[in-house]
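Enquirer: make a model of this:
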Amino acid sequence: MLDQFCAALEAVNPERDCYRAYRIEAGTDLLGDWVVEITSGRIGCAGNRVRFFAPNEVAALKLVISTLARRASAKRRIGVSYQFRGFSDHRGWAVCEFVFDTVPFSVARGTARSCLGDNN
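Expert: Numbering: from 1, shown residues only. Sure thing, here's the model as predicted:
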């Protein structure tokens, strides 16, 4: 049940034929172990899914922050910035404030929806 944190991002640049989707989910599994799942690929496709197991909540949070920081450097690497398309943080990690304060991110403020289907 990866319902504690979710961020959905997209990077679109038609001139470069770049249509990338990126999703990070974190939470506990049925046994209470922390899991961070990252799905990436072309928008509209199934994408690649990688699952990391963290020994505790702090390790999961560090993985989420480092992953978002890497996505924030996309403008320099791929020529287009990622934008948030969905976000939910039921754990109150305040990851967005940390990432936005430390690295540049293109944010479609007011357009981000919850990844989990609710409006938190």
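
Enquirer: relative to its centre, which residue of the chain is most distant?
Expert: Most distant from the centre of the chain: Glu15, at 24.3 Å, with distances by Cα atoms, centre = their mean.

Enquirer: can you check the pLDDT for the residue nearest to Val12 when sequence neighbours are not counted?
Expert: Counting by Cβ to Cβ, 6 or more residues apart in numbering, Val12 lies nearest to Tyr19, which is 5.6 Å off, once chain neighbours are set aside. (C-beta placed from N, C-alpha, C; glycine too.) Tyr19 carries a pLDDT value of 92.

Enquirer: for Tyr19, pull up the helix or strand it's in.
Expert: strand 18-28 (DSSP states H and E).

Enquirer: may I see the buried residues of that strand?
Expert: 19-28 (16 or more other Cβ atoms under 10 Å).

Enquirer: and stretch 21-39, end to end?
Expert: 8 Å (Cα to Cα, to the nearest Å).

Enquirer: on that earlier part again, could I get the buried residues of strand 18-28 as CSV with distance to Asn56?
Expert: CSV is the format used below for those (distance: Cβ to Cβ, whole Å):
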residue, distance to Asn56
Tyr19, 36
Arg20, 31
Ala21, 29
Tyr22, 24
Arg23, 23
Ile24, 18
Glu25, 17
Ala26, 12
Gly27, 13
Thr28, 11
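
Enquirer: which one of those residues is nearest Phe5?
Expert: Closest to Phe5 out of the buried residues of strand 18-28 is Ala26 (4.2 Å), distances taken as Cβ to Cβ.

Enquirer: got the contact list for the closest one?
Expert: 2, 4-6, 34-37, 60-61, 63-64, 91 (Cβ atoms under 8 Å, 6 or more residues apart in numbering).

Enquirer: so how far is Lys75 from Arg49?
Expert: 25 Å (Cβ to Cβ, to the nearest Å).

Enquirer: one more: Ala46?
Expert: Taking Cβ to Cβ, one finds Ala46 at 26 Å from Lys75.
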